[in-house]
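*Asks:* below are the sequence and a predicted model for it; my questions follow.
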Amino acid sequence: MNINIDSNFRFSVAAIKYTATGELCISLVSDDLSADTHYEYFASLGSGQAEEKPTVSLLQYCRDFVSAANIKPQTKSSYNLMCRHLEVYGDTTIDRVTTSYIQDFIPFLRSRGLHPGTVRLYFQKLACVLHDAYKSGLFDDRILQRVKRPKREQEKKGFLTEAELKKLTRHRLPDRYSNIQSMFLFSCMTGLRYSDVQGLRWKDVKRSGKHLHLEFHQQKTDTYERLPLCAEAEALLRGQKRGGEYVFKEETNQKVNVVLKRWCKEARIKKPVSFHSARHTFCVLLLTKEVPIYTVQQLMCHSDIGTTKVYADLLNKTKAKAVKRLPSIMC
């Protein structure tokens, strides 16, 4: 089989191998080009024809994919973080990506101290990029199908009880932390995520007679929601100064969680609490007050009732634990 290359550079054969599809693959390198530049030719045996397929860096393909994709900024940030880890893990060309290369990326991410959910997220991002490369004819998707993917671990739903929440409201931190305290309590009374509380604008606050409600764009699900407010949530809104477009001043998630840790410690609440605990607290409080689970699903803006049922199961365990504390009256 003869291969003609219209080029002024000299090429030499680096390797000859058979592909999984039965084609003959010939790798060529040039003494005149950098060591990272090489070409591969694929041909059916006896055809006498070959197709040139320049090799592509996986890392560069990932970056190009993120740059061209029409995705939300938060999703794009996740892809970029995955690329940073991939760069440390070790770049390769897409044609050299194997099952073991993808599989070993999972324990590598774990070794960097990442949360199991984050490991699963970054794996999914890499899988999306490789699937896009498959659609472009650069990758064999069967390689990805043989990878044992990280399992979704059951998330621990940390929440505050009604008594613990009252302890927090009675114990106030210095005024410089008032914005963070108001944000957290507002989330406890509405179930809004951190991103939605931070992005809440005064124009999202609507009036229905004597009461207020929210009409806002939910960041995570990219949906438009209408949410009624309880008296406590309304009071928290009325306590905010109208000094700009947004209801609450901008705070970093890291700073918020540091302040929450101090707040709980001073209030003598001995459990780990993050801002997302407020959303869990809202859901559990509703279920404790025997609000129908389908109503809770709507207030939490859950698309799947199964997500809401996780909280109901958690509440059942809490009830069972409480019943066991009853005294024995049988002598």
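*Replies:* Okay, I see it. Residues are numbered from 1 along each chain as shown.

*Asks:* which secondary structure element is home to residue 60?
*Replies:* Assigned by DSSP states H and E, residue 60 belongs to helix 58-68.

*Asks:* check which residues of the helix or strand following that helix are buried.
*Replies:* Downstream of helix 58-68, the next assigned helix or strand under DSSP H and E is helix 73-89. Under the neighbour-count criterion of 16 or more other Cβ atoms under 10 Å, helix 73-89 has 78-79, 82-83, 85-86, 89 buried. Where C-beta positions appear, they are placed from N, C-alpha and C, glycine not excepted.

*Asks:* same question for stretch 163-180.
*Replies:* Going by neighbour count (16+ other Cβ under 10 Å), the buried part of stretch 163-180 is 164-165, 168, 173, 177, 179-180.

*Asks:* again, but for stretch 137-145
*Replies:* 138-140, 143-144.

*Asks:* next one: stretch 87-104
*Replies:* 89, 93-95, 97, 102.

*Asks:* how long is it end to end?
*Replies:* 14 Å (Cα to Cα, to the nearest Å).

*Asks:* so who does residue 202 touch?
*Replies:* Counting by Cβ atoms under 8 Å, 6 or more residues apart in numbering, residue 202 touches 242, 245-247.

*Asks:* in the stretch 151-300 of the chain, mark out all the helices, start to finish.
*Replies:* 162-170, 178-190, 194-198, 231-238, 253-266, 276-288, 293-300 (DSSP state H, counting those that start in this stretch).

*Asks:* so which of the ones you listed comes closest to residue 56?
*Replies:* Among the helices of the stretch 151-300 of the chain, helix 194-198 comes nearest to residue 56, with 34.6 Å by Cβ to Cβ.

*Asks:* tell me the spacing between residue 178 and residue 164.
*Replies:* According to Cβ to Cβ, to the nearest Å, residue 178 stands 20 Å off from residue 164.

*Asks:* cool, residue 266 as well?
*Replies:* Noted for residue 266: a distance of 13 Å to residue 164, by Cβ to Cβ.

*Asks:* let's see which of the buried residues of stretch 87-104 end up in helices.
*Replies:* Using DSSP state H, the subset of those located in helices is 89, 102.

*Asks:* between the buried residues of stretch 163-180, which is nearest residue 301?
*Replies:* Ranked by distance to residue 301 (Cβ to Cβ), the buried residues of stretch 163-180 are led by residue 165 at 21.2 Å.

*Asks:* quick one: average pLDDT of whatever helix or strand residue 107 lives in?
*Replies:* If you go by DSSP H and E, residue 107 is part of helix 99-111. Here helix 99-111 scores 94 as its mean pLDDT.

*Asks:* continuing past it, what's the next helix or strand?
*Replies:* With DSSP H and E, the next secondary element past helix 99-111 is helix 116-135.

*Asks:* by how many degrees do that following helix and helix 99-111 diverge?
*Replies:* Relative orientation of helix 116-135 versus helix 99-111 (axes from the mean of the first three to the mean of the last three Cα atoms, to 10 degrees): 150 degrees.

*Asks:* pLDDT weak spots in this protein?
*Replies:* In the predicted model, the chain carries pLDDT under 70 at residues 1-54, 152-157, 303, 307, 310-311, 313-331.

*Asks:* mind redoing it with 50?
*Replies:* Within the chain, the set of residues satisfying pLDDT under 50 comprises 1-2, 6-9, 33-34, 36-37, 46-48, 50.

*Asks:* which residue lies nearest the spatial centre of it?
*Replies:* residue 121 (5.7 Å; Cα atoms, centre = their mean).

*Asks:* contact partners for the nearest residue to that residue once chain neighbours are set aside?
*Replies:* In space, and not counting its chain neighbours, residue 121 is closest to residue 78: 6.2 Å by Cβ to Cβ, 6 or more residues apart in numbering. Residue 78 sits next to 121-122, 125 when contact means Cβ under 8 Å, 6+ apart.

*Asks:* tell me how far residue 78 lies from residue 122.
*Replies:* Residue 78 sits 7 Å away from residue 122, going by Cβ to Cβ.

*Asks:* show me the domain layout of the protein.
*Replies:* Residue ranges for the domains of the chain, per automatic domain parsing: 11-54, 58-145, 162-318.

*Asks:* give the contact list for the nearest residue to residue 79 once chain neighbours are set aside.
*Replies:* Nearest non-adjacent residue to residue 79, counting by Cβ to Cβ, 6+ apart: residue 66, 4.3 Å away. Neighbour list for residue 66: 76, 79-80, 83 [criterion: Cβ under 8 Å, 6+ apart].
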